[in-house]
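Undergrad: For reference, the sequence and a predicted model appear below.
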Amino acid sequence: MKTEKPPKDKSFTPQVFEKKWQAKWEADKLYRAVIDEGKPKHYALTMLPYPSGDLHIGHWYAMTPSDARARFKRMQGYNVLFPMGFDAFGLPAENAAIRDGIHPMKRTMENIERMRKQLRSMGAMFDWEREAVSCDPRYYRWTEWFFIQLFKHGLAYRKMSPVDFCPRCNTTLAREQVWGENRVCERCGTPVIKKDLEQWFFKTTKYADELLNFDELDWPERVKVLQTNWIGRSEGASVIFKTEQGDDIEIFTTRPDTLWGATFMVFAPEHPLVDKITAPEQREAVEAYKAQAARQSDIERESADKEKTGVFTGGYAINPVNNERIPIWIADYVLMSYGTGAIMAVPAHDERDFAFAQKYNLPIVEVIRPDPPHPLTPNYLGGEKEGGELKAAYTGAGVMVNSGPFNGTDVNTEKGRKNPGIRAVIDWLEEKGIGKEAVNYRYRDWLISRQRYWGAPIPMIYCEKHGWNPVPEDQLPVLLPEDVEWRPTGESPLKLHPTWKNTTCPVCGEPAVRETDTMDTFMCSSWYHLAYLSPYHDKAPFDEAEYNYWMPVDTYTGGIEHATMHLLYTRFFHKALRDMGITEGNEPMIQLRNQGMVLAEDHSKMSKSRGNVVAPDILVNKYGADTVRAYLMFFARWEMGAPWDSQGIEGTARWMRRVWTLFTDPTPPKPDSAYDGRQLRRRVHQTLKRVTHDFENFEFNTIISSLMELLNEMYKAREAGAAGSPAWDEAAEIYLKMLAPVAPHIAEELWTNQLGKPYSIHQQQWPPVDEEAAREEMIELPVQVNGKVRDRITVPAEATEEEIKSAALASAVVQKYLDGKEPKKVIVAKGRLVSVVI
RNA sequence: GCCGAAGUGGCGGAACAGGCAGACGCGCACGACUCAAAAUCGUGUUCCCUACGGGAAUGAGGGUUCGAUUCCCUCCUUCGGCACCA
């Protein structure tokens, strides 16, 4: 089939018509989102960028498919809000200021200006009238206000504690911002150090349990798992042991059923009771050990494969369940930062305690015995003599032994009260008043203080007489001073400013000082979705009517790297606001989807230092935004990501050009008045059905391949004389509507200028699927003989099972295999295949 | 060590709900057009064999089933998270 094709179509100039339409859409306020009670709302949100200076391909990858889906929702009849803004506080701008003296505000605003232009080149449906910039005083006024509300409700507090400090970023970090085994700074990769500092915290742990509840959320399983692991809930009991001197020692254990096997206790070296219990003859050794533990870095100290070390304090504790006198040791495998900093050690049933007991020759008492004793139970040598002999800690199920009133009680491997042994002991402890059921979390309160300039000031004032008080709300915002010296000192430049910190106490009016630390920028991003509702509102952080209409966010998209940071903070923040009566509802973002990462062509991570970054601006110049958008949707499963392929985009560019050519071809094949459009309509509506489904489910890559396939069908149909037929006109119209969310400019250009349809295609309704038209009339079914495909039969789509069966058996190929015999079984999977078993 | 995700052609990936493995695209090969190249169009492209036919194949091995990329078990590899958490 040979056709005359025009040479490369010079009329295809996306660089020209894309700009034209962007300008017109903006002039017409096509994407302005305003409250419309007559329509269902859809709040689509994509994570806002940090204004680093240039948009990179990762931004495009995150944003343009999100935009396409928002556009799809809009065509489906939703009133869609799809806002954009800038997470504009943060270290890079301040570090740049230290380097070259340019004020962060100036640089940030310049970067934002450049990025706004780049964002506009995407052709996204952002409502720019709702843009919010977090470093704008009209924004951070409310960031400060929120801090004060949290403070007033007891959710912000100040405490002295050992905190993580990044020596390169020169600031403290939240626990979430320290990553991996090597405990490095999330931002710069430098190993963090510990510092004892007084800092502001938010009481995130108050919401630990509620944050573990994801019932209202349609979030990816892996995010829920990451958050669940991060919070690290464990169930057990707290039990009060006593020192010989009579002091209480509270411990947390997940295994109260092993209390009778506690043969010693271990304190963290920093535990407050250590000094008091240490016997004179042990003092020297204890002090030496404490000093050595203090010198070690956390990495060294917390590495699990390190051999356990410890020192006997000379002190003893009384085990409250059996009044046994047991020695107290200190060891650095017990951490002051988890639980109470003291543990009961049950060497028979805990691997760490076992290793410690072996090394220091401490007694091991078995209190859980496999039942029945089984030679195959790996760690149990079991047997003939009472107590058996353990060659390793036994952590499996069994029955309690050597445990006074509980001997014979079953123990399984369930956690908490679900375990009969644990349940029985907890009840008994509570009855006796020596312990109670308890839950412990690995989750920490959110450290919010940063010793940096370029962040929202913490609006607190310290007075010698009245302590810490918030800045009166009518004095907000506390503005950042403009004249500061850029110095990376580990203390906020605000502290070094000659006058800024001097103020008066809001209680007594006497001279007082301001807090000079600023807030973690995750505080700004915890409420930006609310800022978009009514940016820079001056009566309240947001307009209530806007809130009631738009919230919660229906679809939130962004990277998974924020699973335990931003996504956890913003959930905490929303719940705290709810409890303070500021917002309603339990969750801020109902549906979450994560895109993957675009890797460099060599499969490595893209980075400026490697020089392997793909610049979207260059691609847009070369191919047009539509092609870049489409390729980003096509080249990988969105949630997986993939390496960039600079040849691969050519295929998508070719498809775009073929779309253009199909609609603008000056010499199309002649129409055939006898053309039967049924097949074309069938393909169009089948594609429409798939594309609708795939948009709903974020399966962008198959949207594009379906559209490519349909285009190929349309070329064939046109060859067959389809042009001008009703089926053709319908196909053209539906094709452009399906294309509109993906490639908004070319769709508009062809819709308005080629088809002459009313502007704008983006205000059209998503077409309904004509199920009748989509239905196949004849279907081809593979016929398997003993599980292998041997033939194909064509039957009417509505053929009965019997008809299909006899058609299959009538096949010459099947007959050959049957060789005159009767088949054992014939299975007809309707619409799928026939399976003949011989 | 624990938790999670993923392993399909040379490459990115597709496969509704257990039913034709490899859609769509890249790349490659050949052909048309061209003085030529590019662009465009067409054809082919998982592997193997004795090649109009047959066999094998979705990380490996096993199981369930008429039938398994899909479900179950064991294992391997890669990536991500957590990790002396009591």
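TA: Perfect, thanks for sending it. Numbering: from 1, shown residues only, chains lettered A, B, ... in the order given.
Undergrad: for the record, mean pLDDT for the helix or strand harbouring A:Ile330?
TA: Remark: A:Ile330 resides in strand A:325-331, with elements defined by DSSP states H and E. Per-residue pLDDT values over strand A:325-331 give a mean of 95.
Undergrad: can you list contacts of it?
TA: A:243-244, A:262-269, A:271, A:274, A:277, A:286, A:289-290, A:308-313, A:315-319, A:345, A:356, A:360, A:362 (CB atoms under 8 Å, 6 or more residues apart in numbering). The C-beta positions use only the backbone N, C-alpha and C, and glycine is treated the same way.
Undergrad: touching RNA strand B at all, it?
TA: No. Judged by CB under 7 Å from any atom of the strand, strand A:325-331 makes no contact with RNA strand B; its nearest approach is 7.5 Å.
Undergrad: List the ones among the contacts of strand A:325-331 that fall in strands.
TA: A:243, A:264-267, A:310-313, A:315-318, A:345 (DSSP state E).
Undergrad: Given the strand holding A:Ile330, what are its sheet partners and their directions?
TA: strand A:264-267 (parallel), strand A:310-318 (antiparallel) (DSSP bridges).
Undergrad: got a list of what the residue nearest to A:Pro472 when sequence neighbours are not counted touches?
TA: Counting by CB to CB, 6 or more residues apart in numbering, A:Pro472 lies nearest to A:Pro506, which is 5.3 Å off, once chain neighbours are set aside. When contacts are counted by CB under 8 Å, 6+ apart, A:Pro506 touches A:Ile461, A:Asn469, A:Pro470, A:Val471, A:Pro472.
Undergrad: Check A:Phe354 too.
TA: Here A:Phe354 is in contact with A:Pro347, A:Ala348, A:Ile364, A:Leu390, A:Ala392, A:Ala393 (criterion: CB under 8 Å, 6+ apart).
Undergrad: Remind me what the one helix or strand A:Tyr139 maps to packs against, helices and strands.
TA: In the assignment (DSSP H and E), A:Tyr139 maps to helix A:137-152. Judged by 3 or more CB pairs under 8 Å, 6 or more residues apart in numbering; DSSP states H and E, helix A:137-152 is in contact with strand A:156-166, strand A:467-470, helix A:521-525, helix A:566-579.
Undergrad: Count the residues that sit near A:Asp645.
TA: Applying other CB atoms under 10 Å, we find 13 residues neighbouring A:Asp645.
Undergrad: likewise A:Glu510?
TA: By other CB under 10 Å, 11 other residues sit near A:Glu510.
Undergrad: Find the residue at the geometric middle of chain A.
TA: For chain A, A:Ala563 is the residue whose C-alpha lies nearest the centre (CA atoms, centre = their mean; 3.2 Å).
Undergrad: before we move on, the earlier item: export the ones in strands among the contacts of strand A:325-331 to JSON lines and append columns for neighbour count.
TA: Listed next are these as JSON lines, based on neighbours: other CB atoms under 10 Å:
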{"residue": "A:Thr243", "neighbour count": "18"}
{"residue": "A:Phe264", "neighbour count": "24"}
{"residue": "A:Met265", "neighbour count": "25"}
{"residue": "A:Val266", "neighbour count": "25"}
{"residue": "A:Phe267", "neighbour count": "26"}
{"residue": "A:Gly310", "neighbour count": "22"}
{"residue": "A:Val311", "neighbour count": "21"}
{"residue": "A:Phe312", "neighbour count": "19"}
{"residue": "A:Thr313", "neighbour count": "27"}
{"residue": "A:Gly315", "neighbour count": "23"}
{"residue": "A:Tyr316", "neighbour count": "18"}
{"residue": "A:Ala317", "neighbour count": "25"}
{"residue": "A:Ile318", "neighbour count": "16"}
{"residue": "A:Ala345", "neighbour count": "27"}
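Undergrad: Which positions in the stretch 251-400 of chain A make contact with RNA strand B?
TA: So far as CB under 7 Å from any atom of the strand goes, the stretch 251-400 of chain A lies against RNA strand B at A:252-255, A:268, A:301-304, A:306, A:308, A:332-339, A:341, A:343-344, A:350, A:352.
Undergrad: Drop anything exposed from those residues.
TA: Restricting these to buried positions leaves A:252-255, A:268, A:308, A:332-334, A:336, A:338-339, A:341, A:343-344, A:350, A:352, with burial counted as 16 or more other CB atoms under 10 Å.
Undergrad: Sitting in helices, which of those do you find?
TA: Within these, residues falling in helices by DSSP state H are A:Arg352.
Undergrad: Please list the members of the buried ones among the residues of the stretch 251-400 of chain A next to RNA strand B that lie in strands.
TA: Checked against DSSP E, those include these in strands: A:Phe252, A:Thr253, A:Ile343, A:Met344.
Undergrad: Output those in TSV; the columns should cover pLDDT.
TA: Formatted as TSV, those follow (pLDDT from 0 to 100):
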residue	pLDDT
A:Phe252	95
A:Thr253	95
A:Ile343	95
A:Met344	96
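Undergrad: Between those, which sits nearest A:Lys436?
TA: Closest approach between these and A:Lys436, by CB to CB: A:Phe252, at 10.8 Å.
Undergrad: how about that closest one, what does it touch?
TA: Residues near A:Phe252 by CB under 8 Å, 6+ apart: A:Gly236, A:Ala237, A:Ser238, A:Gly339, A:Thr340, A:Ile343, A:Ala438, A:Asn440.
Undergrad: The second one - that's part of a helix, no?
TA: This means A:Ala237. No. Read with DSSP: H, G, I helix; E, B strand; the rest coil, A:Ala237 is strand and lies in no helix.
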